[in-house]
Structure formats: structure tokens, C-alpha cells
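**Q** this is the structure alone, sequence omitted:
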């Protein structure tokens, strides 16, 4: 039976575990976990400074480690809050309370809307009511209320779903509100089921989720171990993946919109600056890219000069600065693991793994691959599509602070 | 004679010698083929008598009937093809006759396949009752009333439905813009299925493919059509949506499927667009097929095929929302039997210049019989 047809497909994938979005894969964490267990017996807590959907927290909680997780993108952060085992009991209570009072749910009189915007007036009003209702059921716990509400808000959005592109969808269009309450009930039941199944497998429930740009993070604690995976340079604006949810946060929940301009790997190039890139590997790649552009058509050359070269320069610079900041949050002799893929652009390998090793070595760390393997990325356009550009090298890099 | 009858539970059943029977459900708008061994029990089931049928036969025939809300994959061809004793012997009468009761239209669709008759040709006035009798003579299991826009000629539509009602299944093909409560009462009385042509749930895209003749209306078209669909559904009239797949909407098939099914529409029929052979229509057609990245019609058709394939890989028809891909053809032999506004029988041929007139007695000689049955029952060879 098809479930959660009416939830945006990122959340659907996360809830039904049918797809891991921008997260660790289990085998990657198995390799890291084996290394940690075989070499260190003083591991208590694991830090992830770019923690996405909390895949690391989910894995290491089952292994019995505490975690601290920092994430810049609010919808990803709220998903972490939702699956954090220390919140499970409270969330289950709130869900049960919402379900028990179904007859008190706000009523949406309109059957549909057509709009040029993401949300039409009836939906905005209704989401406000729904949020108030969850807030009341949660005894004014806004963090958990937002986390419960957010995966469901796309149910009320006016947009055209595309089967071929998950980050770019067309605003506006038709939204049917018919049966939203049945869908909400289905969503709550599946969420509850998932949390109850997970909670019995968690050996450690002490996990922190922090909504912040790593660059602005101010923590008194320092960390001995970290496991992380940076955003990849695939010209994707990760904030657009959650445009619908971010709209709700910015317009209904928060008083001030989130600024995603400086998100690493964001495809937003214009108006952004970058400084000195210290990694040799990154610089060789950037030079090779410019050299290649000279042999291409005028249009391709212009594309590389005005978009791709600045894009990759920003990417490597931002990564370098982020890891400098990470260094300041680490204890002496800290150990870290970074999972990363090398993409390909214009038939040139983007040396993300080698550049990260460079960055850490420049910071005085030892840095080396403990695992490297060829993987195929399945394209969005066709699940069976395997193009040359879909072949990547995956690196698991281990860094040791001296 | 192969008889069509309306059964007690409201399904139309046509018994066909050496074949079995064909059922049209006015509750779902679906057609089913039933093998010979099951005929008596199917007729008994349809007339509220004791029957002995496999569950899946009952399930399929019950789709859309009030109180029957199971969810399963639809089988149009019931049961499996192996059960048919004389599969190669197809019946000689049409399953469906498409009656273009008017050539007036309030829209100017870029790919219109009836452009040779729409608003151009004057037809001699005709007695609706006489044409209805001519059609009923062939015992179709359903008649589609279309045009043009049939609701533009209210009296003709009322007369046609009143003549055909209860004698055969009735489907009305409309662009959905006009809603008339008197007509709706008639639809309810005779269990009419409404099929609405709509190509996008984004107003701008839909109006680009299917512009209204009065451009001032374009801004409100989608709103009006969806409100009307909602009214039909709240009157318990089954609604199927017809969408012609062009370059402009080929990436949004999942969206259409998702939103129409969520809205309570009974099904979606997707038509592969056919390139017109009429020179006058080429530039209009290119507007909905070509873009910066799609520079030829061949590339556009290939792109549409790829999108349909990928869509079908992920999406399946089910009892709460039926999905059908209808292959169009530009062959001179075709699968559709048309009755023009003057009551003459033709077989459809795309874009006007070669619609083929067919006589009453040799109806199928110029019609591809196999394709005709495939069009309504699904594939015959799987």
C-alpha cells in the first residue's frame, strides 16, 4: 500500500526510510564505527558540525554514544529534533493527544485553492490554527510543535510536483484540501510508529541538536571526536529543497527569515566573495577548470568563468573556513572522520577528498583516507540512468589533531 | 443481435456471442471484459441475484459503487486472457460511439484534433432522436457525447441524453467551463460519467495549451473548471480527467496524478499528442512542443515518451483512481467511431483532411477493430 502520498517526498523518504537524503550511508558509518571501537576506548560523545538530517546521531545513539549535532538548515534541524530519542516520549504524548481530539481539529472549509504563490490564504490561516492546536496539545513546547507540524505543511502548498527534479519546483497552481485530516492522521500514526520502533534500539538518549551556522557557533565545550560529511559541490541550493517548509518558518513561525546565502555548496554565486584558498589540490583543480574553458565554446567558456569557477572557489574557501572554525571547537589530540564524494564536472574530477586532507594538514592535523571506493550516483531523471558524471569516488578520511 | 442492458445495480452489460460480455460502469467510467464462463454469474451479480464469482471480478465491477471502498490494482480485462475461449474472434459491433453533437467550442486548444469541424463547417440541422436511434441500433455499451463543447448546445444535449438514457452508458466529454444544474440533474438521473479535458493544474500552462476564445477568461479558467469538477463530485457524478501530454506538461504527470486523485476525481486518461498534418495548425502545435532545449518535433515526442515511461514505472492505476494511457494514431484506419453533428458516421482520422465516412452496415470495415477494443479495455495481448 502506498503511504504518505501527500507528504513532500523528502520527508516521505525520511519517514518511510525509503531514501537517505544527503546523509551518511550505513556502511560508511560501520567502517568509522569499527575504526573507533578498535582504536579508542575513551569515546563518550561524537560531534557533527554539519549534521543534516541527523543520520550520525541516529546511528551513534544505537551504538551507545552521546552526540552533539549542529545544523544550519531549519527543516533538517527540526527533523533531528523529531528523531532525537530524548524527545520521543514527549512527542508520542503530543501525538496521542492530537489524535484523541480529532473532533477539535480546525476545520478547513475550502476544498481547494489556485494561487500563484506557494500558499493561498485559506492554507496560511489553517496552518496557523493547526500550529496553535499542536502548541496547546504540547503545553506550549514550540520546538516539538514545529518539528511535528513541519513535515506536513506541504500538504497545503500550491506547487507543481516534478518527478525529475526535487529541488526546483514550479510555484503556484492547484492544491486540494480534500481529506487533509485523514492525511494528517495517517502522517501522525506513521511518525508515531516509526519513533516507537526506533526508541527500543537506542542505547544512548543524550543528544543535543543545535540550529546554527557553524561559523557563528559559540560553545564552551570542546570535542574529542567528530564524524561529519560536508555538503557536496553539486550546484544545489539545499534551502530550496525545503522551500515550502522554510516559507512557513519564515512567515508563520519566525519573526525574521533565515539567511541561506552562505550555505556551503549553495548554487547562489552572485554577490558572494571568497578569500585565499590554501589547498594545493583545490587550486590545481580551479586552474585546470579555467584551462579547459579555453578549449570550449564561447558559451561554455563564459559559463565556467562567470559561474562554475566562482562557484567552486567559494565552495573550497567556505569549506576551509568552516574546518578552521571546527578546529577551534576540538580538543588537543582530537580524532575526526569525514565522509565525502568526489564529483565530476566537465570530465574533471573535483578533488573534494584530497582538498579536505590538504585543509586539515594545513591546520596541523594528520589526514588520510581510511577507505576509498567507487560509487554510482543514481540520477533523479531516471532511476536507471548511470552517466559518466554519476560515477564518484567516495572517501572516508580520518584526521588526527596533533 | 448483441444486446446491451442496464442491470439492477446500474452497470451496462453487453453480451457478445463467442466472446463473453463487456461491462461499462457508470460509477467509475471503466470498461471490463468478462470471459464466457463467467457471464451468467456476472449478469446475476449485476441484477442482485445469487452468484459465484472470484473476488477480484466482484471487486473490479464494484469500483465506484457507494459503500465499496477497497483499494487494489484495476484489471480491465477480467479474468486473464488465457480464460477467453475465442480471443481471436472479436465482436463486430462497436463498444463506444463518439457523438459530436455540436461543432461549437469556447476554447481553442493548440492541438485540437477536431479542428476540421470546430466552428468551421456548417452542418445541416438534424433530428437528435433519429441520430440517437441510429447509434442505438449498433448496441454500443456506451456513447460519448462530445463536440466542440456539448454544454454549449443545452437542448441538443438534453435531447440526446433523454433518448440514450438507460439504453446505453453515457459519457459527456467537456472542457468543464460550463456548469448547468438542470443538466446535472439529468446526469444524475441517467448515471452519466463526465470527462473533463484539462492539461495542467497551473493556470498559465493550461491556458497556454488550451486558451479560451475570450482571453479575458483565461485568468479564471482553472478556478472555474475545478469548482465545476467539485460540484460534479459533490453531486456524486463520476469525473475522469483527460490530459493531452505535450512538452509543456510532460514533466508534471506525477503532479496531475497526485492532485486529481487527492481531490476525489475518479481517474486520469493521458493521451499521447499527435503531430497535426494540417499545415495551418503547425505553428500553434510547435508552441506547445518546442522550447530552447527541445528544438524538433521528433525530440519533443521522444521526450514525451521518456517522461511517460518513467511516470508509468512509478505509478499504477488503482481502484480509487484509475489511470490509462491512450495511444493516439494517425493511421488511416482508426479505433474511434465518430458521429458528426449531421448524424453521419465517420472514423476518426487526425486533423481533418481524411476523416473516413463509414456506412451503418459495414461499420467496422474501415475501423481497426482490435485497436477499438484495446482503447477501452486495455491491452488484449498480455
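**A** Cool, got the structure. Not measured: the values here are computed from a predicted model.
**Q** contacting residues for the closest residue to residue A:326 other than its chain neighbours?
**A** Spatial nearest neighbour of residue A:326, excluding adjacent residues (Cβ to Cβ, 6 or more residues apart in numbering or on different chains): residue A:49 at 5.2 Å. Quick note: C-beta positions are derived from backbone N, CA and C, even for glycine. Residues near residue A:49 by Cβ atoms under 8 Å, 6 or more residues apart in numbering or on different chains: A:70, A:214, A:217, A:226, A:228, A:322, A:325-326, A:329.
**Q** tell me how far the closest residue to residue A:206 other than its chain neighbours lies from residue A:45.
**A** Leaving aside its sequence neighbours, residue A:206 sits nearest to residue A:66 (Cβ to Cβ, 6+ apart; 4.5 Å). Residue A:66 sits 4 Å away from residue A:45, going by Cβ to Cβ, to the nearest Å.
**Q** right, and residue B:233 touches residue B:240 too?
**A** No - counting by Cβ atoms under 8 Å, residue B:233 stays clear of residue B:240, with 11.4 Å between them.
**Q** and residue B:117, what's its pLDDT?
**A** Per-residue pLDDT puts residue B:117 at 77.
**Q** that one in helix, strand or coil?
**A** Following DSSP: H, G, I helix; E, B strand; the rest coil, residue B:117 is assigned to coil.
**Q** which residues touch it?
**A** Each residue near residue B:117 by Cβ under 8 Å, 6+ apart is listed here: B:100, B:103, B:148, B:340-341, B:352.
**Q** rerun that using 7 Å as the cut-off
**A** Taking Cβ atoms under 7 Å, 6 or more residues apart in numbering or on different chains, we find residue B:117 in contact with B:100, B:103, B:340.
**Q** which strands border the helix or strand harbouring residue B:34, and is each parallel or antiparallel?
**A** Residue B:34 is part of strand B:31-35 when elements are defined by DSSP states H and E. Sheet pairing here is set by DSSP bridges, and for strand B:31-35 it gives strand B:20-24 (antiparallel), strand B:77-78 (parallel).
**Q** and the nearest residue to residue A:221 once chain neighbours are set aside, how far is that from residue A:80?
**A** Excluding its sequence neighbours, the residue lying closest to residue A:221 (Cβ to Cβ, 6+ apart) is residue A:68, at 7.5 Å. Using Cβ to Cβ, one gets 11 Å for the distance from residue A:68 to residue A:80.
**Q** between these two, tell me which one has more neighbours.
**A** Under the criterion of other Cβ atoms under 10 Å in any protein chain shown, the comparison of residue A:68 against residue A:80 puts residue A:80 first, with 28 against 21.
**Q** out of the contacts of residue B:117, which sit inside strands?
**A** residue B:100 (DSSP state E).
**Q** show the secondary-structure elements that the helix or strand containing residue A:31 is packed against.
**A** If you go by DSSP H and E, residue A:31 is part of helix A:26-39. Here helix A:26-39 touches strand A:391-401, going by 3 or more Cβ pairs under 7 Å, 6 or more residues apart in numbering or on different chains; DSSP states H and E.
**Q** angle of the strand it packs on against helix A:26-39?
**A** 30 degrees (axes from the mean of the first three to the mean of the last three Cα atoms, to 10 degrees).
**Q** direction included, what does strand A:391-401 pair against?
**A** When DSSP bridges is applied, strand A:391-401 pairs with strand A:330-342 (antiparallel), strand A:365-376 (antiparallel).
**Q** out of these, deepest packed?
**A** The highest average neighbour count among those, using mean count of other Cβ atoms under 10 Å in any protein chain shown, belongs to strand A:330-342 at a mean of 19.
**Q** contacts only, for residue A:269.
**A** For residue A:269, counting by Cβ under 7 Å, 6+ apart, the contacting residues are A:307, A:310-311, A:314.
**Q** contact partners of the strand or helix carrying residue B:304?
**A** Counting by DSSP H and E, the element that carries residue B:304 is helix B:297-314. With contact meaning Cβ under 7 Å, 6+ apart, helix B:297-314 is reached by A:163, A:382, B:245, B:247, B:250-251, B:253-254, B:272-273, B:275, B:289-290, B:294, B:325.
**Q** who does residue B:146 bridge with?
**A** Judged by DSSP bridges, the bridge partners of residue B:146 are residue B:100.
**Q** surely it meets residue B:98?
**A** Yes - with contact defined as Cβ atoms under 7 Å, residue B:146 reaches residue B:98; the gap is 6.0 Å.
**Q** returning to what we had before: deepest-packed of the strands paired with strand B:31-35, please.
**A** Compared across those, strand B:20-24 shows the largest average neighbour count, a mean of 25 (mean count of other Cβ under 10 Å).
**Q** isn't residue B:276 right up against residue B:285?
**A** Yes - the criterion here is Cβ under 7 Å, and residue B:276 meets it with residue B:285 at 5.5 Å.
**Q** any common contacting residues for these two?
**A** With Cβ under 7 Å, 6+ apart as the test, residue B:276 and residue B:285 both reach residue B:111.
**Q** residue contacts, residue 235?
**A** If you meant another chain, say so; for now it's chain A. A:267, A:311.
**Q** please refer instead to chain B.
**A** Contacts of residue B:235 (Cβ under 7 Å, 6+ apart): B:184, B:188.
**Q** returning to that earlier point: adding mean pLDDT and distance to residue A:58, write the strands paired with strand B:31-35 out as a markdown table.
**A** Below are the strands paired with strand B:31-35 laid out as a markdown table (pLDDT from 0 to 100; distance: least, Cβ to Cβ, whole Å):
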| stretch | mean pLDDT | distance to residue A:58 |
| --- | --- | --- |
| strand B:20-24 | 91 | 51 |
| strand B:77-78 | 72 | 46 |
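**Q** wasn't residue B:26 part of a strand?
**A** No - secondary structure of residue B:26 (three-state DSSP): coil, not part of a strand.
**Q** including neighbour count and pLDDT, could the contacts of residue B:117 go into a markdown table?
**A** Shown next, in a markdown table, are the contacts of residue B:117 (neighbours: other Cβ atoms under 10 Å in any protein chain shown; pLDDT from 0 to 100):
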| residue | neighbour count | pLDDT |
| --- | --- | --- |
| B:100 | 22 | 93 |
| B:103 | 22 | 91 |
| B:340 | 21 | 90 |
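**Q** so which strand or helix has the residue nearest to residue A:221?
**A** strand A:66-71.
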